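Participant: got a predicted structure here, sequence first:
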Amino acid sequence: MGHESLRVEAAVTIFDDPWSRVTRVGRYLVAALKHPHRVLSTSQVNGGLCEHLTHLVNHQSGEGAAHRERIDAIVAMGQTAYHHQVCKELGLDSQTTTTMGTAANMQYAATVTTDYEEFSVTAIVTAGVQGNAGRAGDPSRFVERNRTYEPVVETQSGTINTMLLFNAALSQAALARTVVTMTEAKTAALQELAVSSRVSAELATGTGTDQFTIASPLLDPAAITWTGQHAKIGELIGRAVHDATREALRWQNGLETSLTRSAIYALERFGFTKAFFERRLHESLTATRYEFYKKNWDAILHDPQTVGCAYAIAAVLDRLTYGTLPPACATDLLFNQCCLLATTLAIKPGAFADIYQHLQPHAGKAANEREP
């Protein structure tokens with residue numbers, strides 16, 4: 001936990017326009033506001049709605065895993081003291097600065113600007129989802145009492161931090177509505193990548209530690225009063241945040257569309273892990289046949305027809321969970337999809353009926369490794 005100010009001359013500029021300049025200095029991203037701005041943020045100090053801020057900071061506060069010394073030190077000093085220390089390291093006034101923290105690498109920050117005529121929106125996103133991605137309403141990790149956090153279950157790192165910069169003045173209401181559009185765009189990116197919750201079998205909508213800072217020039221009257229999907233500025237927000245989130249995840253976690261072309265990726269959130277499939281194959285095949293399948297593992301798992309069937313099974317399981325399909329039909333629905341997967345993998349569509357009969361004795365048995 002150093003206390004020396006970082007050398008500003010070592011900063012790398014990643015965005016610059018007439019209203020703000022964003023630089024990377026070591027493990028910090030710093031947006032210097034060139035004119036007064038209206039800012040809405042989740043910062044523990046100077047958070048909420050402010051009109052006196054000069055700098056917005058996103059920083060890597062620790063490593064992604066097992067960095068207990070750093071975490072314990074931050075918890076011991078408290079969020080307020082840590083905010084002041086971050087500002088001291090950067091040589092900034094802590095009273096006019098907002099901060100966001102994450103384990104994500106600042107060098108993987110994605111910057112996307114969208115524009116329409118005189119309007120532009122810039123999203124600068126750092127993102128990691130492999131540790132604590134979750135769905136709104138999932139079992140929680142902490143309970144807060146008297147400004148202290150009591151752990152409910154063990155948590156891991158993972159955060160999506162979004163810095164959103166406008167070149168047009170937004171009203172207070174429009175600034176608040178931006179949070180909705182921004183969150184929808186972030187979630188859309190996660191849905192496209194089929195990012196799963198780490199505590200349930202659901203698709204993730206974000207992580208439990210996501211943060212944001214939104215800034216627009218403080219001008220009167222405000223040029224923008226609504227930032228929903230139907231407004232052009234809402235479209236710009238959606239595209240900028242969506243694209244920046246996808247790009248940040250591509251660098252931080254190696255997540256991109258082609259990575260999701262795996263039968264295991266489609267079904268792992270239901271407990272069908274690689275270890276599960278390997279064990280079942282080992283139990284049901286001869287040693288020679290098992291080694292043959294192992295050598296062709298990737299080709300099997302990435303076969304488009306096989307992957308399509310796996311995602312169809314996932315979709316049926318989701319629809320059963322949400323009540324779209326009646327529970328009484330679950331066995332037949334899943335048998336049909338599993339038979340289709342098997343006949344597709346074997347390239348023997350005529351064997352559907354035989355495989356269906358073969359599966360009947362297994363009705364009602366647990367098929368995966370997910371704990372109840």
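Facilitator: All right, it came through fine. Residues are numbered from 1 along each chain as shown.

Participant: now do residue 211: how many residues are near it, please.
Facilitator: 22 (other Cβ atoms under 10 Å). Where you see a C-beta, it was placed from the backbone N, CA and C, and this is true even at glycine.

Participant: quick check: it vs residue 12, distance?
Facilitator: Distance of residue 211 to residue 12, computed by Cβ to Cβ, to the nearest Å: 22 Å.

Participant: in the helix or strand hosting residue 13, what counts as buried?
Facilitator: In this assignment (DSSP states H and E), residue 13 forms part of strand 12-16. Buried residues in strand 12-16, counted by 16 or more other Cβ atoms under 10 Å: 14, 15.

Participant: now do whichever helix or strand comes after it and strand 12-16, the angle between them.
Facilitator: Next helix or strand after strand 12-16 toward the C-terminus (DSSP H and E): strand 20-25. Angle of strand 20-25 versus strand 12-16, following axes from the mean of the first three to the mean of the last three Cα atoms, to 10 degrees, is 160 degrees.

Participant: so which elements touch strand 20-25?
Facilitator: For strand 20-25, the contact count by 3 or more Cβ pairs under 8 Å, 6 or more residues apart in numbering; DSSP states H and E identifies strand 12-16, strand 28-33, strand 160-166 as packing neighbours.

Participant: the same query, at a cut-off of 10 Å, please.
Facilitator: Contact here means 3 or more Cβ pairs under 10 Å, 6 or more residues apart in numbering; DSSP states H and E; on that basis strand 20-25 packs against strand 12-16, strand 28-33, strand 55-60, strand 119-127, strand 160-166.

Participant: can you add distance to residue 216 and mean pLDDT and give the ones you listed back as CSV?
Facilitator: Formatted as CSV, the helices and strands packed on strand 20-25 follow (distance: least, Cβ to Cβ, whole Å; pLDDT from 0 to 100):
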stretch, distance to residue 216, mean pLDDT
strand 12-16, 15, 96
strand 28-33, 10, 97
strand 55-60, 12, 96
strand 119-127, 9, 98
strand 160-166, 4, 98
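
Participant: would a markdown table of the ones you listed with distance to residue 88 be doable?
Facilitator: Below are the helices and strands packed on strand 20-25 laid out as a markdown table (distance: least, Cβ to Cβ, whole Å):
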| stretch | distance to residue 88 |
| --- | --- |
| strand 12-16 | 21 |
| strand 28-33 | 12 |
| strand 55-60 | 12 |
| strand 119-127 | 22 |
| strand 160-166 | 21 |
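
Participant: for the helix or strand where residue 245 lies, which positions count as buried?
Facilitator: Residue 245 is located in helix 232-252, with elements delineated by DSSP H and E. By neighbour count on 16+ other Cβ under 10 Å, the buried set for helix 232-252 is 233-252.

Participant: repeat that for stretch 321-334.
Facilitator: Quick answer for stretch 321-334 (16+ other Cβ under 10 Å): 333, 334.

Participant: starting at the chain centroid, how far to it?
Facilitator: Centroid displacement of stretch 321-334 relative to its chain, using Cα atoms, centre = their mean, to the nearest Å, is 29 Å.

Participant: again with stretch 176-192
Facilitator: 11 Å.

Participant: now stretch 176-192: buried residues?
Facilitator: In stretch 176-192, counting by 16+ other Cβ under 10 Å, buried: 177-179, 181-190.

Participant: pull the CA atoms of it into CSV?
Facilitator: These are the backbone C-alpha positions of stretch 176-192, laid out as CSV (Å, rounded to 0.1, in the frame of the first residue of the first chain):
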residue,chain,number,x,y,z
ALA,A,176,-30.6,8.9,-13.7
ARG,A,177,-32.3,7.3,-16.6
THR,A,178,-28.9,6.6,-18.2
VAL,A,179,-28.2,4.1,-15.4
VAL,A,180,-31.1,2.0,-16.7
THR,A,181,-30.0,2.1,-20.4
MET,A,182,-26.4,1.5,-19.5
THR,A,183,-27.3,-1.5,-17.3
GLU,A,184,-29.5,-3.0,-20.0
ALA,A,185,-26.6,-2.7,-22.5
LYS,A,186,-24.2,-4.4,-20.1
THR,A,187,-26.6,-7.2,-19.5
ALA,A,188,-27.2,-7.6,-23.2
ALA,A,189,-23.5,-8.2,-23.7
LEU,A,190,-23.4,-10.8,-21.0
GLN,A,191,-26.5,-12.6,-22.5
GLU,A,192,-24.8,-12.7,-25.9
